[in-house]
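J.: My questions are about this predicted structure, shown below with the sequence.
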Amino acid sequence: MPELEPNVNNGKDMDDATKMATADKLKGEGNSKVKEGDLKSAKFLYGYAISMIEQVAMSQEKVNLLLVLLQNSALCCNKMSDWEGSIAFCSAAIECSPKSVKAFYHRSKAHFALKKF
């Protein structure tokens, strides 16, 4: 998984349900930042949410949320021309869900931009 920007606590003192709820809230805040055009803040919020749910026990809910967060992070990277970052997030998303069309799409855009085809 790509390197994420550091954050203070990552929810280490929360139970799994609270971590998932907080990560989902961070995803929503990230989505709002994308709509405002603040991609750097959105990517940070998605990264914070990813780091929080990494500690959560495996479940389908976790996989679904993680997949969305990784794809959204890749989208931010693509829009900021951070092609290597996009490839890293997409590869992690594909590892999470091998049939993720969005992850393959965003990764192919990044490879194309880097002329890796």
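T.: Yep, that arrived.

J.: give me the element the spatially most central residue of the chain is part of.
T.: Ranked by distance to the mean C-alpha position of the chain (Cα atoms, centre = their mean), the top residue is residue 70 at 2.6 Å. Element membership for residue 70 (DSSP states H and E) is helix 60-79.

J.: Now the element after that helix, going C-ward?
T.: helix 83-96.

J.: What count of nearby residues applies to residue 37?
T.: 9 (other Cβ atoms under 10 Å). Quick note: C-beta positions are derived from backbone N, CA and C, even for glycine.

J.: do you know how far it is from residue 79?
T.: Distance, residue 37 to residue 79, by Cβ to Cβ, to the nearest Å: 9 Å.

J.: Please apply the same query to residue 94.
T.: 20 Å.

J.: And for residue 85?
T.: Distance of residue 85 to residue 79, computed by Cβ to Cβ: 11 Å.

J.: Comparing those two, which shows the higher neighbour count?
T.: Ranked by neighbour count (other Cβ under 10 Å), residue 85 and residue 79 place residue 85 first, with 19 against 14.

J.: And for the residue nearest to that one when sequence neighbours are not counted, the neighbour number?
T.: Leaving aside its sequence neighbours, residue 85 sits nearest to residue 77 (Cβ to Cβ, 6 or more residues apart in numbering; 3.9 Å). Neighbour count for residue 77, taken as other Cβ under 10 Å: 23.

J.: for residue 77, what are its contacts?
T.: Residues in contact with residue 77, defined by Cβ atoms under 8 Å, 6 or more residues apart in numbering, are 43, 83, 85, 86, 89, 110.
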